[in-house]
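Asker: heads up, no residue letters with this:
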């Protein structure tokens, strides 16, 4: 698969997408807690047949909370990473500089959006929901790895956002319209980010020796392992929040099923769906046949 992404077109597309956080959430724009937030292809609550419909909606909303909190968390490291990448190019191509500066500004806006969502969620849901963190420590841990590894992690996140919205959210009429609106506006800007990050991966890889590319792949897998560990912890947080929100204590067997289903659901949502996106696979393929095969071998674990 080839692409025709360029900085000029990405910048032009970015400038056509204009929205403010204040126009998306808050005031009369309230979440509807009678409806699910996420498509079941991501939440996978229907797999747990020991939950009734109301309990499944409650868990779906807990997962929706974690979904947007995760985006807020990862954008905490994407923002400084993009700024570090653009700094050496400040006296280069004007379109490139402006496109990446827009990228950074939009990521800052997304962080603001997801913080506002969390405030609205906490007011309406009624039960505190914990989330992994703190974000600054996770950001430091990710950014300590090879820049190409961080760029690849970011690329997977950008493409998974596209996959989730176009394949599971856009035509789904059962979801809360307010939550769906946030996903739509996030998706609108992430399309440009995915294109720019594709170009970033290519630019960083072009400066790498084969040994550095191997190191970046190893670092990517380390970051993936760190994320997987965080998802396992988040599964425990979600189980606790579910039991407190419903007043129901699951049996040991039910808890075991909950952990297995929900951890794997999160693995697909945040790792597998990005690693298997055709555009991500194409970018990885350009790093070498061996690299492509490594990712092909690992990806099924997260699907």
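Answerer: Here it is on my side, so go on. Keep in mind that what you see is a predicted model, and the values were worked out from it rather than measured.
Asker: Which residue, neighbours along the chain excluded, lies closest to residue 168?
Answerer: Distances taken as CB to CB, 6 or more residues apart in numbering put residue 39 closest to residue 168, at 3.9 Å, once the chain neighbours are dropped. For the C-beta atoms, the positions are set from N, CA and C on the backbone; glycine is no exception.
Asker: where in this structure is pLDDT low?
Answerer: Low-confidence segments of the chain (pLDDT under 70): 1, 89-92.
Asker: Run through the helices of it in chain order.
Answerer: Applying DSSP state H to the chain gives helices spanning 7-16, 40-43, 53-86, 94-125, 135-143, 147-164, 177-206, 210-246, 252-267, 273-275, 278-285, 289-298.
Asker: Next up, the contacts around residue 299.
Answerer: Counting by CB atoms under 8 Å, 6 or more residues apart in numbering, residue 299 touches 272, 275-276.
Asker: most neighbours, which of those?
Answerer: With neighbours defined as other CB atoms under 10 Å, the most crowded of the contacts of residue 299 is residue 275; it has 24 neighbours.
Asker: close enough to count as contact, it and residue 294?
Answerer: No: with contacts counted by CB atoms under 8 Å, residue 275 stays clear of residue 294, the gap being 10.9 Å.
Asker: Pull up the distance across stretch 281-297, start to finish.
Answerer: End-to-end distance for stretch 281-297, by CA to CA, to the nearest Å: 12 Å.
Asker: quick one on the thing from earlier: against residue 95, how distant is the residue nearest to residue 168?
Answerer: 36 Å (CB to CB, to the nearest Å).
Asker: The two: who's more crowded?
Answerer: Neighbours were tallied for residue 39 and for residue 95 using other CB under 10 Å; the higher tally belongs to residue 39 (21 against 15).
Asker: quick one: buried residues of stretch 185-202?
Answerer: Buried residues in stretch 185-202, defined by neighbour count with 16 or more other CB atoms under 10 Å: 185-201.
Asker: residues in contact with stretch 5-20?
Answerer: For stretch 5-20, the surrounding residues in contact (CB under 8 Å, 6+ apart) are 93, 95-96, 98-99, 102-103, 106, 185, 188-189, 191-192, 195-196, 198-199.
Asker: what do you get if the cut-off is 6 Å, keeping everything else the same?
Answerer: Contacts to stretch 5-20, defined as CB atoms under 6 Å, 6 or more residues apart in numbering, come from residues 95-96, 98-99, 102, 185, 188-189, 192, 195-196, 198-199.
Asker: excluding its backbone neighbours, what's nearest residue 224?
Answerer: Nearest-residue entry for residue 224: residue 271, 6.1 Å, with adjacent residues in sequence omitted and distances by CB to CB, 6+ apart.
Asker: Could you report the neighbour count for the nearest residue to residue 58 once chain neighbours are set aside?
Answerer: Spatially, and ignoring its direct neighbours in sequence, residue 58 is nearest to residue 245 (5.4 Å; CB to CB, 6+ apart). Using other CB under 10 Å, the number of residues around residue 245 comes to 18.
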